[in-house]
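Participant: Whatever this is, show me its structure:
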Amino acid sequence: MSRLLILILFMLWLCDPTQAAVAAPFRLALPLFFGVYLVLVLFMGIWGRRIARRVAAWNFQRRLKRFNLIMEAARIMIPIWFVTGLYFLGWRAAVADLLRPPLMNSALGVIVGTLPPFLAWMGLWWSQYPADRALREQSLLALIDADLPLHAPPRFGSYFLSNLRMQILFLGVPLLLIVFGHDLGLLIGSALHLQDHAMDVLEIVSWIVSAGGVFLFAPEILRRVLHTEPLGDSPLRRRLDALCQRTGIRYRDVLLWKTDHNMGNAAVMGFVPRLRYILLSDLLLERMPDDEIEAVFAHEVGHIVHRHMNWYVVFVVVLAMINAGPGTHLGDALASRLGGTAQDLVPAVLTIGTFLLLFGYISRKFERQADVYAARTIQMRGPLESASASFFPSPGVLLGEGEHSAATALPFVGLPRAGPPMSFVGPYGATLFASALRRVAIVNNIPIAARSWCHGSIATRMQYLQGLSRDPQRTAAFDRYMRWIYIAMIGALLISATILAIT
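Facilitator: Residues are numbered from 1 along each chain as shown. Sure, this is the predicted structure:
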């Protein structure tokens, strides 16, 4: 959710940064804009330090849960107040006075324009750090009882840098590079003294080429932003490589993601095999058994098999074309009815609101599809005695031996373009992957019932897999449901492109 909110900050500025900037209605408007952010950070900082001093209290967990809920509300408040500053308190006009209109749409304009909310966002890390450190210290006894390696809670500098890499630089660097590429295209057009119509075409082409180039090469950039190195040779590494070989997945490397043991997570980056990386964090590798690490790794492979990154691009393109076509007509209609600031504000709110609702829904479905893929993969390579005979009609085939496993004897269910035909979700695969999900929650001090806008709660994901394992027909029904989602996205792409072409 944090990355999504940060993306919204960029979107709010880039929606229409060249519009006529409205001056502040009163002299203290800008101090009010900055003051609310300052008060928000200080209030949460004082509360966080009070929580940390009461770590031994019997109701510490309840106090911490309330604090974390309000912290999430504070993060949501940052982009909301940014909208107020842009459209009602004169922040856009102040930036326009500083940079002049030609630079408002440049990378420099984006940096200056979004600086206040990003400073507030970083300030909330300072606010949350004492409570987070207290929680880590409290969990040390549980780690000792579990005979797991111990690490001192990170100092604030390490904590700040880790959040900076994960939350801001992870999205901010690629987005700024896209804007910089657009700036470079316009600079070339100005040097060539192109006419207005040619400059309009060049601007569109610059956005497309810049975004395409950054998306293609982003993994090489982000692997350095996130502080990674190749995962060394080991029985686990050979096991993960073998999994990819069985499923036909190609990639550049498996990377060790160094988080100073702050986070247990995994990720996949890259559209093409030569620039594709699968990441496993240091804390995940340290505190999870190999079977569960393989299950988490299979989840990331599932994103590759089902081409979720490509479908995210389709989703963004559809929304962009809708905004450029019907969205433009909506803005013109609002201009005659509302006028003034509302003319600019309402389309932006509608665009971002639609993005949030649809992105959250699609992201949760993609995560569930990757869960199902991981459970199936683990089921196919799991021990024969752990699998239900009803899922494996050919008892003479040994699971996981060579490239042709029991999957070759199973019916076609949602065959991806890479890898062998896939089984239903069985009890062994569902149980092992659910165990891996629970372990991820424990490693990261996340309640399994905690909801996530982009992933759903871990408890819900575990329950869903267990439900699939009890009825093979439910797996087939899920495959059909996902196919309809993809068909709907293709239909939306064709319809929005047609509307844009004829308007």
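Participant: pLDDT weak spots in the stretch 51-200 of the chain?
Facilitator: Residues of the stretch 51-200 of the chain that meet the criterion pLDDT under 70 lie in 146.
Participant: where along it do the strands fall?
Facilitator: In the stretch 51-200 of the chain, no strands are found when defined by DSSP state E, counting those that start in this stretch.
Participant: try the chain
Facilitator: Per DSSP state E, the chain carries strands over the ranges 228-230, 253-257, 266-269, 277-281.
Participant: which of these is buried the deepest?
Facilitator: Stretch with highest mean neighbour count among those: strand 277-281 (a mean of 23; mean count of other C-beta atoms under 10 Å). Backbone N, C-alpha and C define where each C-beta goes, glycine included.
Participant: Centre of the chain to it, how far?
Facilitator: 15 Å (C-alpha atoms, centre = their mean, to the nearest Å).
Participant: what's that strand packed up against?
Facilitator: Counting contacts by 3 or more C-beta pairs under 8 Å, 6 or more residues apart in numbering; DSSP states H and E, strand 277-281 packs against helix 196-225, strand 253-257, strand 266-269, helix 290-305.
Participant: Make CSV out of these and add distance to residue 380.
Facilitator: Below are the helices and strands packed on strand 277-281 laid out as CSV (distance: least, C-beta to C-beta, whole Å):
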stretch, distance to residue 380
helix 196-225, 28
strand 253-257, 21
strand 266-269, 20
helix 290-305, 10
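Participant: Quick one, which of these gets closest to residue 232.
Facilitator: When the helices and strands packed on strand 277-281 are ranked by proximity to residue 232, the top entry is strand 253-257, at 7.7 Å, counting by C-beta to C-beta.
Participant: Partner strands of the closest one, with direction?
Facilitator: strand 228-230 (antiparallel), strand 277-281 (parallel) (DSSP bridges).
Participant: With mean pLDDT and distance to residue 170 added, can I get these in JSON lines?
Facilitator: Below are the strands paired with strand 253-257 laid out as JSON lines (pLDDT from 0 to 100; distance: least, C-beta to C-beta, whole Å):
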{"stretch": "strand 228-230", "mean pLDDT": "93", "distance to residue 170": "12"}
{"stretch": "strand 277-281", "mean pLDDT": "94", "distance to residue 170": "12"}
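Participant: Which one, of those, ends up nearest to residue 187?
Facilitator: So among these, strand 277-281 is nearest, using C-beta to C-beta, at 32.2 Å.
Participant: export that closest one as CSV, just CAs?
Facilitator: Taking Å, rounded to 0.1, in the frame of the first residue of the first chain, the C-alpha atoms of strand 277-281 are listed here in CSV:
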residue,chain,number,x,y,z
TYR,A,277,16.0,-11.3,-11.7
ILE,A,278,14.4,-13.2,-8.8
LEU,A,279,15.2,-11.8,-5.4
LEU,A,280,15.2,-13.5,-2.0
SER,A,281,15.9,-11.3,1.1
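Participant: Now do that strand: everything it contacts.
Facilitator: Strand 277-281 is contacted by residues 219, 223, 226, 228, 231, 240, 251-259, 263-270, 293, 296-297, 300-301 when judged by C-beta atoms under 8 Å, 6 or more residues apart in numbering.
Participant: please redo it, this time with the cut-off set to 7 Å
Facilitator: Residues outside strand 277-281 that contact it (C-beta atoms under 7 Å, 6 or more residues apart in numbering): 219, 223, 228, 231, 251-257, 259, 263-270, 293, 297, 300.
Participant: for stretch 39-53, same thing?
Facilitator: With contact meaning C-beta under 7 Å, 6+ apart, stretch 39-53 is reached by 63-64, 67, 71, 74, 77, 120, 123-124, 126-128, 130-131, 133-134.
Participant: Residue 103: neighbouring residues, count only.
Facilitator: When neighbours are counted by other C-beta atoms under 10 Å, residue 103 registers 16.
Participant: returning to that earlier point: any idea which of the strands paired with strand 253-257 gets closest to residue 184?
Facilitator: From these, taking C-beta to C-beta, the stretch that ends up closest is strand 277-281, at 26.8 Å.
Participant: ok and the closest one relative to helix 290-305, angle-wise?
Facilitator: 150 degrees (axes from the mean of the first three to the mean of the last three C-alpha atoms, to 10 degrees).
Participant: follow-up on the earlier one: just the helices and strands packed on strand 277-281: most buried one?
Facilitator: helix 290-305 (a mean of 22).
Participant: Could you give the average pLDDT over that one?
Facilitator: What helix 290-305 shows for mean pLDDT is 94.
Participant: Which strands and helices lie in contact with that helix?
Facilitator: Judged by 3 or more C-beta pairs under 7 Å, 6 or more residues apart in numbering; DSSP states H and E, the packing partners of helix 290-305 are helix 235-247, strand 266-269, strand 277-281, helix 282-287, helix 340-381, helix 427-443.
Participant: ok, residues contacting it?
Facilitator: Taking C-beta under 7 Å, 6+ apart as the rule, helix 290-305 contacts 236, 239-240, 243-244, 247, 249, 266-268, 278, 280, 284-285, 369-371, 373-374, 377-378, 416, 418-419, 432-433, 435-436, 439-440.
Participant: let's see it at 6 Å
Facilitator: 236, 240, 249, 266, 268, 278, 370, 373-374, 377-378, 416, 418-419, 432-433, 436, 439 (C-beta atoms under 6 Å, 6 or more residues apart in numbering).
Participant: Which members of those are classed as buried?
Facilitator: 236, 240, 249, 266, 268, 278, 370, 373-374, 377-378, 416, 419, 432-433, 436, 439 (16 or more other C-beta atoms under 10 Å).
Participant: right, and the strands paired with strand 253-257 - which one's nearest residue 142?
Facilitator: Using C-beta to C-beta, the nearest of the strands paired with strand 253-257 to residue 142 is strand 277-281, at 19.6 Å.
Participant: ok and the closest one relative to helix 235-247, angle-wise?
Facilitator: Angle, strand 277-281 to helix 235-247, by the same axes, to 10 degrees: 150 degrees.
Participant: by how many degrees do strand 277-281 and helix 196-225 diverge?
Facilitator: 40 degrees.
Participant: Phi, psi for residue 248 please.
Facilitator: phi 80, psi 20 (degrees, to the nearest 10).
Participant: what does residue 105 give?
Facilitator: Phi and psi for residue 105, reported as degrees, to the nearest 10, are phi -100, psi 10.
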